[in-house]
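Participant: have a look; sequence and predicted model below, questions after that.
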Amino acid sequence: MAVESAKPKSSSWLHSVKLVAWSFLGIRSRAGYQEDLARVNPMHVLAVGLVAALLLVLGLILLATWVVGK
């Protein structure tokens with residue numbers, strides 16, 4: 001019988017970056033998802049998600065400009 005710790009680990013910015021990266025890829029195990037729900041800070045995820053989406057859009061714009069410019 002497994003014993004779970006009473007106190008979940010605190011969330012960090014690096015953990016939020018990993019969470020958002022997995023979300024962008026669309027792959028995550030159910031156990032990992034449940035663990036993330038227990039220790040995630042919603043404000044961290046929101047901030048990292050917005051920055052990641054902005055970087056993705058800017059990267060796509062730069063790529064399109066580079067391809068069309070050639």
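Facilitator: Sure, I can see it. Numbers count the residues shown, from 1 in each chain.

Participant: report the helix or strand with the lowest average pLDDT across this structure.
Facilitator: helix 30-39 (a mean of 80; mean pLDDT, DSSP states H and E).

Participant: give me the mean pLDDT for the following helix or strand past it.
Facilitator: Next along the chain after helix 30-39, taking DSSP states H and E as the criterion, comes helix 42-69. On average, the pLDDT along helix 42-69 is 93.

Participant: sort out which residues of helix 42-69 are buried, please.
Facilitator: Residues of helix 42-69 classed as buried: 44, 45, 48, 49, 52 (neighbour count, 16 or more other CB atoms under 10 Å). (Glycine included, C-beta is placed from N, CA and C.)

Participant: go on, stretch 27-37?
Facilitator: Buried residues in stretch 27-37, defined by neighbour count with 16+ other CB under 10 Å: residue 36.

Participant: how about the CA coordinates for that stretch, as PDB?
Facilitator: The C-alpha coordinates for stretch 27-37 follow below in PDB (Å, rounded to 0.1, in the frame of the first residue of the first chain):
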ATOM      1  CA  ILE A  27       0.700  14.600 -24.600                       C
ATOM      2  CA  ARG A  28       0.600  13.900 -20.900                       C
ATOM      3  CA  SER A  29       0.100  10.800 -18.800                       C
ATOM      4  CA  ARG A  30      -3.000  10.800 -16.500                       C
ATOM      5  CA  ALA A  31      -0.700  10.400 -13.400                       C
ATOM      6  CA  GLY A  32       1.400  13.400 -14.400                       C
ATOM      7  CA  TYR A  33      -1.700  15.400 -15.100                       C
ATOM      8  CA  GLN A  34      -3.100  14.600 -11.600                       C
ATOM      9  CA  GLU A  35       0.200  15.500 -10.000                       C
ATOM     10  CA  ASP A  36       0.200  18.800 -11.800                       C
ATOM     11  CA  LEU A  37      -3.300  19.700 -10.700                       C
END
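
Participant: so what touches that stretch?
Facilitator: By CB atoms under 8 Å, 6 or more residues apart in numbering, the residues outside stretch 27-37 that reach it are 15, 19, 22.
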